[in-house]
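1. Generate a structure from the sequence data that follows.
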Amino acid sequence: MSHSFRAAASSRRRFSLGGFERRLGVALCVLAFLFASAQTVLAHEFKLGDLEIGHPWSRATPSGAKVAGGYFTVTNTGSAPDRLLSITSDISAKAELHEMGVSNGVMTMRPVTGGLEIPAGGKVALATNGYHLMFMDLRRQPKEGEMFSATLTFEKAGPVQIEFAVQGIGSAAPQDDH
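-> Next comes the predicted model:
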């Protein structure tokens, strides 16, 4: 009788260990999926010919706001310059490229005419205190955690549709520009 009791206990331990291994495997798969999803959200990029558009992002806006900003980097790996000519988005009636600067101690913001040159072998950052996009006459408010699309049109490379990740109101620029 003691022999059969030991065999039954041993078989229960093997079954429990097998169940633990299965649960551990499922937990590891879930963690791997969550990590991969987080990386996709944190660092999304778009490629068009020699141009790489890195991590487009915007900020959520308060109810009733009529404008939102858009930021990203453009890297030109080619041997010829290109030029960002226009932006369209379904989130706003119009979008413009703007430049912010300081002149005689006064901060100014003005539209950029003629497009923005992306030098050959160079990189241009659209950031909160320099070049940036202005989405004007918003059709809906961008909300934290969502994405919205826009189309950038370049002189040589042509159009590319990108997705802007919406950060919280007042959030700092993401540190992960690829």
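
2. Please state the mean pLDDT value computed over stretch 97-109.
-> Here stretch 97-109 scores 89 as its mean pLDDT.

3. ok, and what's touching it?
-> 84, 87, 110-112, 115-116, 126, 128-134 (C-beta atoms under 8 Å, 6 or more residues apart in numbering). Using the backbone N, CA and C atoms, a C-beta is placed for each residue, glycine as well.

4. go on, stretch 116-135?
-> 51, 58, 67-84, 87, 89, 91-92, 95-101, 112, 150, 154, 173, 177.

5. What subset of the contacts of stretch 97-109 is buried?
-> Leu84, Ile87, Leu116, Leu126, Tyr131, His132, Leu133, Met134 (16 or more other C-beta atoms under 10 Å).

6. hmm, back to that, could I have the buried ones of the contacts of stretch 116-135 as PyMOL selection syntax?
-> Buried subset of those, written as a PyMOL selection, criterion 16+ other C-beta under 10 Å:
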select buried, resi 51+58+68+69+70+71+72+73+74+75+76+78+82+84+87+89+91+92+95+96+97+98+150+154+177
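
7. So which of the contacts of stretch 116-135 belong to strands?
-> Counting by DSSP state E, the contacts of stretch 116-135 place 51, 58, 67-76, 82-84, 87, 89, 92, 95-101, 150, 154 in strands.

8. Mind putting the buried ones among the contacts of stretch 97-109 into JSON lines with pLDDT and distance to Gln167?
-> Converted to JSON lines, these look like this (pLDDT from 0 to 100; distance: C-beta to C-beta, whole Å):
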{"residue": "Leu84", "pLDDT": "97", "distance to Gln167": "22"}
{"residue": "Ile87", "pLDDT": "96", "distance to Gln167": "19"}
{"residue": "Leu116", "pLDDT": "97", "distance to Gln167": "23"}
{"residue": "Leu126", "pLDDT": "96", "distance to Gln167": "15"}
{"residue": "Tyr131", "pLDDT": "95", "distance to Gln167": "18"}
{"residue": "His132", "pLDDT": "96", "distance to Gln167": "14"}
{"residue": "Leu133", "pLDDT": "96", "distance to Gln167": "15"}
{"residue": "Met134", "pLDDT": "97", "distance to Gln167": "17"}
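
9. Alright, that wraps it up for me.
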